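Novice: Provided below for reference: sequence and predicted model.
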Amino acid sequence: MKKSLLFCALVLPLALNAQTDTTQHTTTYFAEAGGMAATNSRTPFWLRANQFGTVPLENPFAFVRLGGQTILGTDPRKPQLHLQGELVANAGKTSNVLLPAAAATLRFRKFEIYAGRRKEFFGLGDTLLTSGSYAWSGNALPLPKVQIGTRGFVPIGFTKGLFAVHAMMAHGWFINADSVRGSYLHQKAVFVRLGKPTWKVHFYAGVHHLAQWGGQWRNPVKGSRLTMENGKLPSDFATFLSIFTASEPSNTSSVSIQDALNRTGNHLGTIDFAMNYSTNRSEWLFYHQHPFDDKSGVFFVNFPDGLYGIRWKNKAYSQNSFQIKQVTVELLSTMSQSGFTLNINKRRFEGGDDYFVNYQYQEGWTYQKRVIGTSFITMREDAQTKWYNVKGGTLQKANISNNRVQVLHFGLMGQLHPSLQFRMLASQSWNHGRPILTDPAFPMSQFSGLLELSKTTTALGGVQLQAAVAVDQGPWLPATVGLRLGIRKTGFSF
């Protein structure tokens with residue numbers, strides 16, 4: 001799991017990891033069923049967060065998950081076609097059928113191109129016990145996209161393995177939203193690793209850039225520079241180039257007032273740093289994801305905002321006794337936001353970052369009513385009903401109602417004995433609403449916790465029994481205690 005914990009785009013396996021061999025057809029699959037109920041109709045935070053938008057906000061509900069993947073042509077020296085899919089059906093107060101994964105990937109050696117939806121994390125950091133990457137956490141349903149990039153870190157030949165690069169670029173579709181329909185996703189990332197594979201210490205750095213652009217306003221206002229006369233936001237090739245380079249529009253009269261003041265589209269992302277230290281018995285990962293929402297973030301005016309993390313991994317644990325396998329500790333802060341005074345004429349466009357809020361794409365940095373980035377930046381519907389209309393910022397009733405947060409997060413994973421695994425998450429957050437918040441009730445502290453157990457049995461050829469209990473306590477989220485039970489069967493065939 002070493003590389004999967006570090007590289008910036010992690011594709012979660014849908015079942016057992018496929019084995020690489022000389023056969024021409026390898027297939028894995030899984031089936032899972034269960035249910036969830038809580039003392040409050042709102043599903044507890046850690047039973048729904050970072051679940052790729054597949055867990056309903058309201059409970060009780062029952063669920064069925066079916067998924068699998070197949071690899072055609074597993075000879076690593078030749079092209080491989082990787083097909084994967086997952087279907088989730090929920091029945092309860094909110095019944096739906098979702099496809100969090102449905103993709104075809106063509107792989108050749110260290111490169112790949114895919115079309116469809118895949119479960120992914122982006123950002124240098126932990127993936128198993130994290131609170132979630134800042135910009136792309138796995139909290140929302142994956143966007144459909146076409147993506148090209150490397151598979152992990154690829155050594156730069158003339159450096160003899162001293163430097164390696166992991167890069168990707170994607171074009172995606174937001175489909176329809178309440179304010180703007182048919183907008184696009186632009187995404188790219190470049191990460192560099194310093195250190196030969198045999199070294200104990202490796203250093204990482206890179207940039208992850210995202211933008212929402214184009215589309216058609218649903219209700220354009222005649223004569224308004226915000227929505228444009230016909231509501232059509234530019235989406236030609238020249239606009240794409242300005243999105244790609246994050247440059248200012250050359251002709252401000254042809255774009256909305258929002259785009260003319262800053263950049264075409266809604267841009268955001270992170271500048272990441274990490275260090276990995278490995279010994280025979282343990283592995284340490286130190287990482288930081290620094291957010292940017294405009295030029296001020298790129299110039300670190302909003303420092304120390306960002307995600308800070310330490311992960312310790314036990315490489316010497318025994319399979320025959322109680323063991324702690326991994327510990328993760330994280331700190332998330334989004335308090336600075338480059339200050340609260342917006343000064344457009346400054347070179348660095350300082351102040352009023354208002355993370356994940358956009359005055360043009362008014363749903364903010366969300367997809368299918370879930371935040372794409374860290375789940376601790378919350379939407380109106382996440383909070384208790386009495387806080388639905390909390391005000392802050394110029395756009396008073398924004399879809400994102402809480403983006404100034406401080407979070408201390410702890411994760412622990414291990415085994416009680418070889419067939420009984422456990423995972424614990426505990427998060428204490430202090431929620432400050434949005435910039436220029438005038439409500440005296442803030443800040444609000446909030447605790448969210450999770451204990452998850454999984455028991456492997458020999459029944460039915462190998463079945464995993466799952467149980468999880470989660471609690472939310474505090475004035476921000478609805479107070480609740482919830483229980484999820486499930487049974488999972490995995491399989492493998494040639």
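Specialist: Nice, I can see it.
Novice: Do a quick rundown of the helices in the stretch 1-150 of the chain.
Specialist: 2-6, 45-48 (DSSP state H, counting those that start in this stretch).
Novice: pretty sure Ala189 is in contact with Phe122, am I right?
Specialist: Yes - using C-beta atoms under 8 Å, Ala189 makes contact with Phe122 at a distance of 6.4 Å. C-beta here means a position set from N, CA and C on the backbone, and glycine is covered the same way.
Novice: From one end of stretch 369-388 to the other, what's the distance?
Specialist: The first and last residues of stretch 369-388 sit 15 Å apart, counting by C-alpha to C-alpha, to the nearest Å.
Novice: From the chain's centroid, how far away is that stretch?
Specialist: Relative to the centre of its chain, stretch 369-388 is centred 15 Å away, using C-alpha atoms, centre = their mean, to the nearest Å.
Novice: Centroid-nearest residue for this protein?
Specialist: Ser137 (1.4 Å; C-alpha atoms, centre = their mean).
Novice: low-scoring pLDDT stretches of this structure, where are they?
Specialist: Within the chain, the stretches with pLDDT under 70 are 1-25, 221-229, 249-262, 341-350, 391-397, 437-438, 493-494.
Novice: Give me the distance between the closest residue to Leu416 other than its chain neighbours and Met424.
Specialist: In space, Leu416 comes closest to Phe322 once its chain neighbours are excluded; the distance is 5.7 Å by C-beta to C-beta, 6 or more residues apart in numbering. Distance of Phe322 to Met424, computed by C-beta to C-beta, to the nearest Å: 14 Å.
Novice: Repeat that for Pro443.
Specialist: For Pro443 relative to Met424 (C-beta to C-beta), the value is 26 Å.
Novice: count of residues packed around the closest residue in space to Ile71 that isn't next to it in sequence?
Specialist: In this structure, Ile71 finds its nearest non-sequential neighbour in Thr26, 4.7 Å apart by C-beta to C-beta, 6+ apart. Thr26 is flanked by 20 other residues according to other C-beta atoms under 10 Å.
Novice: likewise Phe158?
Specialist: 7.
Novice: isn't there a strand covering it?
Specialist: No - under DSSP: H, G, I helix; E, B strand; the rest coil, Phe158 falls outside any strand and is assigned helix.
Novice: which residues are in contact with stretch 197-207?
Specialist: 6, 8, 124, 155, 161, 166, 189-195, 269-279, 287 (C-beta atoms under 8 Å, 6 or more residues apart in numbering).
Novice: surely Ala167 meets Arg193?
Specialist: No - Ala167 is beyond contact range of Arg193, at 11.7 Å (criterion: C-beta under 8 Å).
Novice: Okay, buried residues for the lengthiest helix in the chain please.
Specialist: For the chain, the helix with the greatest residue count under DSSP state H is helix 237-245. For helix 237-245, a neighbour-count test (16 or more other C-beta atoms under 10 Å) marks Thr239, Phe240, Ser242, Ile243 as buried.
Novice: ok, so what distance separates the residue nearest to Ile71 from Gln69?
Specialist: Applying C-beta to C-beta to Thr26 and Gln69 gives a distance of 9 Å.
Novice: Kindly report the same for Val357.
Specialist: 37 Å.
Novice: Could you do Pro234 as well?
Specialist: 38 Å.
Novice: ok, these two, which is more surrounded?
Specialist: Gln69 (24 against 21).
Novice: how about the residue nearest to Thr457 when sequence neighbours are not counted, what does it touch?
Specialist: If the residues on either side of it in the chain are set aside, Thr457 comes closest to Val463, at 5.3 Å by C-beta to C-beta, 6+ apart. Counting by C-beta under 8 Å, 6+ apart, Val463 touches Thr456, Thr457, Ile487, Arg488, Lys489.
Novice: for the strand or helix carrying the first one, packing partners?
Specialist: Right, the one you point to is Thr456. Secondary-structure assignment from DSSP states H and E places Thr456 in strand 444-457. Applying 3 or more C-beta pairs under 8 Å, 6 or more residues apart in numbering; DSSP states H and E, we find strand 444-457 packed against helix 45-48, strand 420-431, strand 463-473.
Novice: so what's Leu241 up against?
Specialist: So Leu241 contacts Ser247 (C-beta under 8 Å, 6+ apart).
Novice: before we move on, the earlier item: what bridges to the residue nearest to Thr457?
Specialist: Beta bridges link Val463 to Thr457, Lys489 when assigned by DSSP bridges.
Novice: thinking again about what came up before, which of the contacts of Val463 has the largest number of neighbours?
Specialist: Ranked by the number of neighbours (other C-beta under 10 Å), the contacts of Val463 place Arg488 first, at 18 neighbours.
Novice: Might one say that it is in contact with Ala467?
Specialist: No - Arg488 is beyond contact range of Ala467, at 11.8 Å (criterion: C-beta under 8 Å).
Novice: Now do the strands in the stretch 201-350 of the chain.
Specialist: Secondary structure of the stretch 201-350 of the chain (DSSP state E, counting those that start in this stretch): strands at 201-213, 216-217, 266-278, 282-292, 306-314, 323-333.
Novice: Give me the distance between the last one and the centre of its chain.
Specialist: Taking C-alpha atoms, centre = their mean, one finds the center of strand 323-333 at 17 Å from the center of the full chain.
Novice: before we move on, what about the second one?
Specialist: What separates the centre of strand 216-217 from the centre of its chain is 26 Å, taken as C-alpha atoms, centre = their mean.
Novice: Equivalent analysis for stretch 313-323, please.
Specialist: 29 Å.
Novice: ok, residues contacting stretch 468-475?
Specialist: 38, 42, 44-47, 384, 441, 444-453, 478-484.
Novice: So how do I select the buried members of those in ChimeraX?
Specialist: Buried subset of those, written as a ChimeraX selection, criterion 16+ other C-beta under 10 Å:
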select :38,42,44,45,46,47,444,446,448,449,450,451,452,478,479,480,482,483,484
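Novice: Leaving out the residues flanking it, which one is nearest to Gly73?
Specialist: Gln80 (4.7 Å).
Novice: List the residues that contact the one you found.
Specialist: Listed by C-beta under 8 Å, 6+ apart, the contact set of Gln80 reads Ile71, Leu72, Gly73, Thr74, Leu106, Arg107, Phe108.
Novice: Can you tell me which of those residues has the largest number of neighbours?
Specialist: Ranked by neighbours (other C-beta under 10 Å), the contacts of Gln80 are led by Ile71, which has 21 neighbours.
Novice: now it: how far from Ser133?
Specialist: Per C-beta to C-beta, Ile71 is found 27 Å from Ser133.
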